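> fold the following.
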Amino acid sequence: MSYTINGDNLTLDNLVVIARENVEVEADPEALANMQEAHEIYMDALDTQEVYGGNVGVGKEKDRQIWENANMLRTHAAVVSDEPYFDKQDARAIMIARANGLINAHTGGKPTVAMKLVELLNKDVHPVIPQKGAVGLGDINMLPYLGLVMIGEGSVIDNGNIVPSIDILKEKNIKPLAIEPGVELAVLSSNAVTGVGALVIYDLERLLNLGIAAYSLSLEAYHGHTDFLDPEIINLRKSGQRAVSERILDQLKGSYLLTAPERTKIQDELSYRVFPSSMGSVLDAVAYAKDKLLNHLNSSDDNPHVSRSKKKVIPSANFVSYEWVIPYKAVFQALPEVADSAVQIIKNFMYSEKTGLPDNLTLDENLGGLRSLPHTAAELLHDIRALRGAFESDSITGLERGIEDQAPYSLTAVLKSQEAIKHYRELLTVALYTATQAWDLRRGREQSRTLGTGSQKLYDAVRSIVPAYPTDNDISLTPYTKQLSQAIGSGNLQAF
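Numbers count the residues shown, from 1 in each chain. Have a look, this model is predicted:
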């Protein structure tokens with residue numbers, strides 16, 4: 001199985017399987033022909049005009065005549081340490097992002113540059129790419145480490161060890177790329193960390209959908225109200241709020257909540273009632289960010305830009321990644337709102353006056369039960385909130401003699417978002433463990449009560465991974481919550 005890339009057809013699903021399942025890549029022949037045409041235009045321009053990074057320098061050296069060579073890769077490989085570095089799947093996402101951008105055919109590099117990346121992907125070469133050094137003006141202090149591997153320098157990961165790339169290239173019969181005009185900027189003048197951001201958004205979207213299913217199960221275990229899900233009410237909002245409300249109702253099909261609405265109070269806490277609004281807003285933001293990420297992945301972010309129609313080389317600012325970074329940051333600025341609802345719902349389950357169930361969700365009042373899970377949840381919410389600062393707007397003060405005086409810090413946003421979704425996954429773990437235990441107690445009191453079809457599938461899936469809390473003694477929850485979190489992270493536990 002393989003996927004053919006042409007610079008304009010990379011989907012999120014395809015990127016995920018290339019990065020995570022080692023699916024092979026092929027380059028579209030027509031796109032490679034376009035890349036060769038762009039390279040010839042670039043070569044002609046070197047004799048007729050000033051070309052940024054070609055016959056003049058880059059950054060503060062933009063007005064100084066200088067001819068391109070391997071020094072650009074070496075001098076920009078300037079982070080303090082190569083650790084931490086991107087793991088294999090993230091490195092592959094960076095490589096496919098850069099390969100697809102190159103094949104978009106507006107760079108000065110030969111087709112051999114893109115083909116070398118494809119060869120490294122298909123022969124499972126994992127470059128050591130540090131998670132430092134980029135501010136979003138092209139990953140210009142990060143991608144050189146990929147470029148060094150392409151020319152037989154730098155390091156790769158082999159069986160968990162950092163080894164010289166030339167050893168692995170020889171072992172896998174890969175010829176190092178020759179340094180020719182157009183090669184260096186073709187490698188490093190790009191925001192290929194976009195590929196890692198796309199993986200994050202892919203994972204987050206699935207976690208949020210599982211969050212909707214977990215909420216639905218919690219609502220049933222809580223014996224909550226469903227009046228706010230009345231179609232007349234939800235149809236007033238033509239947004240993510242309506243879509244989430246409809247998803248919840250679909251999960252609840254066949255639920256006792258919809259057929260036995262006896263209540264002792266007129267409405268539930270806001271954490272239940274506003275969930276469709278907060279979750280819907282975050283999913284709307286995710287959809288927008290995903291669209292912008294895909295637009296960036298399927299276009300050229302090269303500087304300079306080679307125009308095949310005008311037969312000239314033009315300075316470009318497409319290497320700046322604001323288009324996707326601003327909506328991406330907005331997603332993670334909003335995520336704490338959804339996380340907050342989850343924490344309040346978990347906390348409410350511990351109080352018999354709210355649920356009609358035993359305190360701490362244990363039948364024996366001498367047992368501690370789940371009493372400490374709200375503390376875990378609250379700490380995870382704090383961790384998610386604490387990351388908000390990483391997603392605020394920031395700038396820099398005049399790098400490269402003031403030429404580079406503004407930056408979106410895309411790398412920081414991507415790395416911190418990876419932390420945020422880890423915390424959210426663990427919070428979902430606590431929410432699911434709590435909801436299933438609460439449902440066991442609710443169902444134990446009234447056998448006639450049934451879950452909705454979606455909630456029943458989710459409940460069964462959770463119970464196939466972790467057992468109910470014991471009735472006669474307290475236990476450490478960590479082994480069970482760890483199992484559940486790993487199942488969520490691996491994709492074995494999906495929304496139903």
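
> and L451, what is it in contact with?
By Cβ atoms under 8 Å, 6 or more residues apart in numbering, L451 lies in contact with 217, 220, 254-256, 439, 459. Every residue, glycine included, has its C-beta placed from N, CA and C.

> try N295
323-324.

> using PDB, write down the CA coordinates of whatever helix or strand it lives in.
Using DSSP states H and E, the element containing N295 is helix 275-297. Output of helix 275-297 as PDB, limited to C-alpha atoms (Å, rounded to 0.1, in the frame of the first residue of the first chain):
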ATOM      1  CA  PHE A 275     -21.500  21.300  27.900                       C
ATOM      2  CA  PRO A 276     -23.000  21.300  24.300                       C
ATOM      3  CA  SER A 277     -22.100  25.000  24.000                       C
ATOM      4  CA  SER A 278     -18.600  24.800  25.200                       C
ATOM      5  CA  MET A 279     -17.800  21.500  23.400                       C
ATOM      6  CA  GLY A 280     -19.500  22.700  20.200                       C
ATOM      7  CA  SER A 281     -17.500  25.900  20.200                       C
ATOM      8  CA  VAL A 282     -14.200  24.000  20.700                       C
ATOM      9  CA  LEU A 283     -15.100  21.500  17.900                       C
ATOM     10  CA  ASP A 284     -16.000  24.500  15.600                       C
ATOM     11  CA  ALA A 285     -12.500  25.900  16.400                       C
ATOM     12  CA  VAL A 286     -10.900  22.500  15.700                       C
ATOM     13  CA  ALA A 287     -12.600  22.300  12.300                       C
ATOM     14  CA  TYR A 288     -11.400  25.800  11.400                       C
ATOM     15  CA  ALA A 289      -7.800  25.000  12.500                       C
ATOM     16  CA  LYS A 290      -7.800  21.700  10.600                       C
ATOM     17  CA  ASP A 291      -8.900  23.500   7.400                       C
ATOM     18  CA  LYS A 292      -6.000  26.000   7.800                       C
ATOM     19  CA  LEU A 293      -3.500  23.300   8.600                       C
ATOM     20  CA  LEU A 294      -4.500  21.300   5.500                       C
ATOM     21  CA  ASN A 295      -4.300  24.500   3.400                       C
ATOM     22  CA  HIS A 296      -0.800  25.100   4.600                       C
ATOM     23  CA  LEU A 297       0.200  21.400   4.100                       C
END
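
> hmm, back to that, select only the buried ones of the contacts of L451 in PyMOL?
Burial among these is assessed by 16 or more other Cβ atoms under 10 Å; the matching PyMOL selection reads:
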select buried, resi 217+220+255+256+439+459
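
> could I get the contacts of L451 in a markdown table, plus columns for pLDDT, distance to V325 and secondary structure?
Putting these into a markdown table (pLDDT from 0 to 100; distance: Cβ to Cβ, whole Å; DSSP: H, G, I helix; E, B strand; the rest coil) gives the following:
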| residue | pLDDT | distance to V325 | secondary structure |
| --- | --- | --- | --- |
| L217 | 98 | 35 | helix |
| E220 | 96 | 39 | helix |
| G254 | 95 | 43 | coil |
| S255 | 95 | 41 | coil |
| Y256 | 93 | 46 | helix |
| W439 | 97 | 41 | helix |
| Y459 | 97 | 39 | helix |
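
> between the contacts of L451, which is closest to P315?
The nearest member of those to P315, counting by Cβ to Cβ, is L217 at 55.1 Å.

> you'd agree that closest one is up against Y459?
Yes - under the criterion of Cβ atoms under 8 Å, L217 makes contact with Y459 at 6.2 Å.

> okay, and the common contacts of the two?
436, 439, 451.

> just to revisit the earlier point, and the helix holding N295, how far from the chain's centre?
With Cα atoms, centre = their mean, to the nearest Å as the basis, helix 275-297 stands 12 Å off its chain's centre.

> partners of the helix or strand following that helix, with directions?
Sequence order places strand 305-307 as the next helix or strand after helix 275-297, per DSSP H and E. Strand pairing for strand 305-307, using DSSP bridges, gives strand 312-314 (antiparallel).

> show me the protein divided up by domain.
2-192, 197-490 (automatic domain parsing).

> least confident of those, on average?
The weakest mean pLDDT among the domains of the chain belongs to domain 2-192, with a mean of 88.

> could you tell me the end-to-end distance of it?
With Cα to Cα, to the nearest Å as the measure, domain 2-192 spans 21 Å from end to end.

> again, but for stretch 458-471
Stretch 458-471 end-to-end distance (Cα to Cα) = 23 Å.

> thinking again about what came up before, mind listing what's buried in the helix holding N295?
Within helix 275-297, the residues that count as buried by 16+ other Cβ under 10 Å are 275-286, 288-290, 292-294, 296-297.

> pull the most distant pair out of the contacts of L451.
For those, the farthest-apart pair by Cβ to Cβ is G254 and W439; their separation is 14.5 Å.

> which parts of this protein are strands?
Under the criterion DSSP state E, the chain carries strands at the ranges 2-5, 24-27, 155-158, 161-164, 305-307, 312-314.
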